[in-house]
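please find the sequence and the predicted model below.
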Amino acid sequence: MNTEHRLKALGIELPPSPTPRYTYVPFRRAGEIVFLSGQVPRLPDGTYLTGKLGQDRTMEEGVEAARLCGLHMLASARSITGSLDDVEFIKLLGMVNATPDFKDHGQVLEGCSKLLVEVMGERGQHARSAVGMGSLPANIRVEIEAVLRVLG
C-alpha cells in the first residue's frame, strides 16, 4: 500500500507544509540527503502547543506535541519530491522543553516516531536522539528536526 493510501486508511490528513517565519528554508538537499528544519507543534489557527514538561505540562501532553510535529514533518517531507513514497527517514533529533528533573524525553518523542512508522512502515524507522532543553522558542513543548534520504 502506498503512503497516500495508508494516510487515508488511518484517517490522517496532513497539514499544509509549514512556512518559515524567519530567515531559513524548510529543508536543504545535498544529493540524496535532505536536512529538514525543526518542526514545531503548530495548530491550524497558527498558535502552538506550549508549556514546560514536568512543570505545567504532562508527559502525555508532550507526546501529543511530538505527534503534531511528526504530522508537520511528514508534510514537509512530502514537499521535497511530491510523494512520501520517495523518501525515508534516517535520523531525528527531538528537543523537549522540560524541567531539569524530567526523565521521559524518549517517551515524548515516541509520539513522532510511532507516527512515522505507522504511516511509512520501514521507511519511517530511524535513528533518534531525545534531549531536554531549558527553553524552546515561543515556549513550545517540543521541536524535532530530521535527516532524510531521497530514494531512487
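On my side now, so go ahead. Residues are numbered from 1 along each chain as shown.

helices or strands up against the longest helix belonging to the chain?
Looking only at the chain and at elements set by DSSP state H, the helix with the highest residue count is helix 59-81. Here helix 59-81 touches strand 27-30, strand 33-39, strand 87-97, helix 105-120, strand 142-150, going by 3 or more Cβ pairs under 8 Å, 6 or more residues apart in numbering; DSSP states H and E. All C-beta spots, glycine's among them, are computed from the backbone N, C-alpha and C.

repeat that for 10 Å
helix 3-10, strand 27-30, strand 33-39, strand 87-97, helix 105-120, strand 142-150 (3 or more Cβ pairs under 10 Å, 6 or more residues apart in numbering; DSSP states H and E).

using CSV, write out every CA atom in the shortest one.
So that's strand 27-30. The C-alpha atoms that make up strand 27-30 are tabulated as CSV, following Å, rounded to 0.1, in the frame of the first residue of the first chain:
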residue,chain,number,x,y,z
PHE,A,27,14.8,21.8,4.0
ARG,A,28,18.2,21.7,2.4
ARG,A,29,19.1,19.0,0.0
ALA,A,30,22.6,17.7,-0.6
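
and it, average pLDDT?
For strand 27-30, the mean pLDDT works out to 96.
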